[in-house]
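**Q** sequence and predicted structure below; questions after.
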Amino acid sequence: MTKYIIVGGVAGGATAAARLRRLDEHADIILLERTSHVSFANCGLPYYVGGEIQTQSQLLIQTPQGMRQRFNIDVRVDSEVLSIDCTKKCVAVRHRENVEDLHYDKLLLAPGARPVRPKLPGIDDPRILTLRHIEDVEKIRASIGVSDRNALKVAVVGGGFIGVEMAENLKATGARVTLLEAGPQILAPFDEDIAAFAEYTLLSHDIDVKFEHAVSAFEPLDDVIRIRLSDHSCVDAHVVILAIGVTPDTEFLRQSAVQLDEKGFILVDEEMKTSAPDVFAVGDAVRLFRFDDRRPMSLALAGPANHQGRCAADNMTGLHVKQNGLSGACIVKIFDQTAAAVGLNEKTLHREERPYHTVIAHPLSHAGYYPGARQMVLKLIFDTHGKILGAQAIGPEGVDKRIDVLSAMIRMGATIDNLTDLELCYAPPYSSAKDPVNMIGYMAENICRGMSHPIRCHEWRTAVAQGAQLVDVRTKNEYERGHLDGAVNIPLDEIRNHLDRFDKAVPVILYCQVGLRGYYAERILAQLGYQVRNLVGGYRLASMVEYMQNYKKR
């Protein structure tokens, strides 16, 4: 009888334990979890703070007793693994005051990642909290429930996924919320143009967002914590939530034969094997690789952890299943908006000095003539050969299914030609005859075929300063409601009647509201011999990015 020990009982560990039992009814399976709960929905913790999830029991996917009864697994909660000896094949486990050695035939490590707590003055004040376990969320709920919530001031440090979700849900309790972000934007997987819409959503819901404001110290006072920032300003809060990232919880492995990288991530191969014999690892604590080029990559998300848990269990029983790497599909709710992304972003491509193109569309979630259609922003990133590299989107409806489709296409190594040929479900309540995924395929195809020459929203001012003519092809009424600096208005439907206003020796930059009419105008002028470029994303994108840039300069 094979003896399996699993360290960590949440996403990856619990999945592996259940899979092992399905593969081997006779095995001895011990699941060790240092907290009091196993298999809980840690992704739901912010929504428990905000009241969307009303009871703690709703977060419990399984209980220790339930796992024992259904899967015949020896679940031991409040059990912390102190060290492992790969030579003797045993783990040292502390349960309350007792420490014992447990021997294994095969070991799975799923310790997860812990929130970063930087060594700053005042960091140990009990009003400075983090979010990882159910015990943490109960502390937060208790902290925000001790006073009048309309007067409660909460500071969230960090604008990643947890920080944004916590800001929204704390706002739902009635608290006054400040979000402190050390970098120039929130939500690092997204590029500046898409992140701008997410940032504007936070501001429009009365979240006070401060960019490029790193915390330098915490000063505990009687009634508040004074947060000292890098620009020497201060923010006072009754409660502080730290959400500045996570680090692998692998300190107990430092003296073992399990190899870690410089950041403490466990190194694994495509079968989730570590450097130690019969030791596997999954989840937030492992360093895997990007699926397309196998560059190192780690990802603290529940979906990959569950996939890895199943894969590791298969391989622990000799099935030899391979992980194909990570593509980074992610999604976040921001009040009435949804933002999602997959694959590579522009920042990564710049850093790796890889050439690429982008297109940005503003499609409706379903047919415009059917009631309730909502506008989204959809971005596609592709290389010079047309291979799809990444996608991002934000909007109130329809974002998730478009990014899911594009995620599947990226995993299959698809090109933009595959998008134009993709057959997707259509009926007016659900989509348009040409789905947004098809549309960005057509737009990308136009670029690769030389039928459109885009200019980005961070490039047009330089081009105008160098002598290019900026033309707004929207209607007069649209132009008068707001336009880009220096633009002249020549509506699309009148453009053929005003060719005398163009000079073939002078480059022309065209824009409309979202890019479509600009493209129509571009095709007219290009075929008449003019030097023309169309502004990617149109006025809607350029004005949003510029608005947020100006806000951040205040």
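**A** In hand now; what should we look at? Residues are numbered from 1 along each chain as shown.

**Q** how near is Ala463 to Ile447?
**A** According to CB to CB, to the nearest Å, Ala463 stands 17 Å off from Ile447. The C-beta positions use only the backbone N, C-alpha and C, and glycine is treated the same way.

**Q** point out where the chain drops to low pLDDT.
**A** Scanning the chain for pLDDT under 70 picks out 146-150.

**Q** what residue is smack in the middle of it?
**A** Cys330 (4.4 Å; CA atoms, centre = their mean).

**Q** what about Glu459, neighbour count?
**A** Residues contacting Glu459 under the criterion other CB atoms under 10 Å number 14.

**Q** quick one, phi/psi of it?
**A** Main-chain dihedrals, Glu459, degrees, to the nearest 10: phi -110, psi -20.

**Q** when you give positions from now on, start the count at 50
**A** All set: I'll call the first residue 50, so the last point we hit is now Glu508.

**Q** how far away is it from Val594?
**A** Counting by CB to CB - Glu508 and Val594 are separated by 12 Å.

**Q** what does Leu169 give?
**A** Counting by CB to CB - Leu169 and Val594 are separated by 32 Å.

**Q** the residue nearest to Leu270 when sequence neighbours are not counted is in what secondary structure piece?
**A** Among residues not flanking Leu270 along the chain, Asp285 sits closest, at 7.9 Å (CB to CB, 6 or more residues apart in numbering). In the assignment (DSSP states H and E), Asp285 maps to strand 283-286.

**Q** chain center to that strand: distance?
**A** 28 Å (CA atoms, centre = their mean, to the nearest Å).

**Q** Ala512 and Ile496: who's more crowded?
**A** Higher neighbour count among Ala512 and Ile496: Ile496, with 20 against 17, using other CB under 10 Å.

**Q** partners of the closest residue to that one other than its chain neighbours in the sheet?
**A** Sequence neighbours aside, His406 is the residue nearest to Ile496 in space, at 5.4 Å (criterion: CB to CB, 6+ apart). Applying DSSP bridges to His406 gives these bridge partners: Phe431.

**Q** now His406: how far from Met492?
**A** On the measure of CB to CB, His406 and Met492 end up 10 Å apart.

**Q** ok, Lys52 next?
**A** 57 Å.

**Q** looking only at neighbour counts, state which of these two leads.
**A** Met492 (27 against 15).

**Q** circling back: what lines up beside the strand holding Asp285 in the sheet?
**A** strand 274-278 (antiparallel).

**Q** which residues touch Lys188?
**A** Lys188 is in contact with Leu178, counting by CB atoms under 8 Å, 6 or more residues apart in numbering.

**Q** so which helix or strand takes in it?
**A** helix 183-193.

**Q** okay, Leu169 and Val594: which has more neighbours?
**A** Val594 (21 against 16).

**Q** what values do phi and psi take at the more buried one?
**A** Given degrees, to the nearest 10, the pair of backbone angles that Val594 has is phi -60, psi -40.

**Q** that one touches Cys506, doesn't it?
**A** Yes. Between Val594 and Cys506 there is a contact at 5.2 Å, judged by CB atoms under 8 Å.

**Q** what do the two both touch?
**A** Asp242.

**Q** how about the strands in the stretch 250-399 of the chain?
**A** Here the stretch 250-399 of the chain has its strands, by DSSP state E, counting those that start in this stretch, at 257-259, 264-269, 274-278, 283-286, 288-291, 295-297, 315-316, 328-330, 335-338, 345-346, 379-383, 386-392.

**Q** what packs against the second one?
**A** Same thing as strand 264-269. Contact partners of strand 264-269 among helices and strands, from 3 or more CB pairs under 8 Å, 6 or more residues apart in numbering; DSSP states H and E: strand 274-278.

**Q** between the strand it packs on and strand 264-269, how many degrees?
**A** With axes from the mean of the first three to the mean of the last three CA atoms, to 10 degrees defining the directions, strand 274-278 sits at 160 degrees from strand 264-269.

**Q** report the buried residues of strand 274-278.
**A** Across strand 274-278, burial judged by 16 or more other CB atoms under 10 Å covers 274, 276-278.

**Q** how about stretch 134-143?
**A** 135, 138-140, 142.

**Q** how far off centre is that stretch?
**A** Offset of stretch 134-143 from its chain centre (CA atoms, centre = their mean): 36 Å.

**Q** run through who's touching it.
**A** Residues from elsewhere that reach stretch 134-143 (CB under 8 Å, 6+ apart): 54, 56, 81, 125, 128-133, 148-154, 156, 305-307, 325-328.

**Q** and the residue lying closest to Leu302 once chain neighbours are set aside, how far is that from Asp298?
**A** Spatial nearest neighbour of Leu302, excluding adjacent residues (CB to CB, 6+ apart): Leu309 at 6.3 Å. Per CB to CB, Leu309 is found 12 Å from Asp298.

**Q** also Pro175?
**A** With CB to CB as the criterion, Pro175 and Asp298 are 21 Å apart.

**Q** now swap in Met488 and tell me
**A** For Met488 relative to Asp298 (CB to CB), the value is 44 Å.

**Q** now do Gln598
**A** Taking CB to CB, one finds Gln598 at 38 Å from Asp298.

**Q** show the end-to-end separation of stretch 79-95, please.
**A** End-to-end span of stretch 79-95 (CA to CA, to the nearest Å): 30 Å.

**Q** then stretch 251-264?
**A** First-to-last distance for stretch 251-264 - CA to CA - comes to 20 Å.

**Q** can you give me the buried ones in it?
**A** Across stretch 251-264, burial judged by 16+ other CB under 10 Å covers 251, 254, 256, 258-260, 262, 264.

**Q** repeat that for stretch 58-76.
**A** Buried, per 16+ other CB under 10 Å, within stretch 58-76: 58-70, 73, 76.

**Q** residues contacting it, please?
**A** Stretch 58-76 is contacted from outside by 50-53, 55-56, 78, 80-82, 86-89, 91, 110-111, 116, 120-122, 124, 126, 157, 159, 161, 331-332, 351, 354-355, 357-359, 361-363, 365-366, 368, using CB under 8 Å, 6+ apart.

**Q** with only the CA atoms kept, save that stretch in CSV.
**A** Output in CSV follows, covering the C-alpha atoms of stretch 58-76 (Å, rounded to 0.1, in the frame of the first residue of the first chain):
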residue,chain,number,x,y,z
GLY,A,58,-5.1,21.5,1.7
VAL,A,59,-6.5,24.2,-0.5
ALA,A,60,-6.8,24.3,-4.3
GLY,A,61,-3.9,22.2,-5.6
GLY,A,62,-3.5,20.0,-2.5
ALA,A,63,-7.2,19.2,-2.1
THR,A,64,-7.6,18.5,-5.8
ALA,A,65,-4.6,16.1,-5.8
ALA,A,66,-5.9,14.3,-2.7
ALA,A,67,-9.3,13.6,-4.2
ARG,A,68,-7.7,12.5,-7.6
LEU,A,69,-5.3,10.2,-5.8
ARG,A,70,-8.2,8.4,-4.1
ARG,A,71,-10.0,8.0,-7.4
LEU,A,72,-6.9,6.5,-8.9
ASP,A,73,-6.0,4.3,-5.9
GLU,A,74,-8.7,3.1,-3.5
HIS,A,75,-6.1,1.2,-1.4
ALA,A,76,-3.6,4.0,-0.8
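
**Q** return the distance of that stretch from the chain's centre.
**A** For stretch 58-76, the distance to the chain centre is 28 Å (CA atoms, centre = their mean).

**Q** try stretch 413-425
**A** 25 Å.

**Q** can you list contacts of it?
**A** With CB under 8 Å, 6+ apart as the test, stretch 413-425 has contacts from 411-412, 442-448, 451, 477-482, 485.

**Q** what of stretch 340-352?
**A** Contacts of stretch 340-352 (CB under 8 Å, 6+ apart): 60, 91-92, 162, 295, 297, 310, 312, 314, 333, 335-339, 373-379, 459-460, 462.

**Q** in helices, which of these appear?
**A** 60, 459-460 (DSSP state H).
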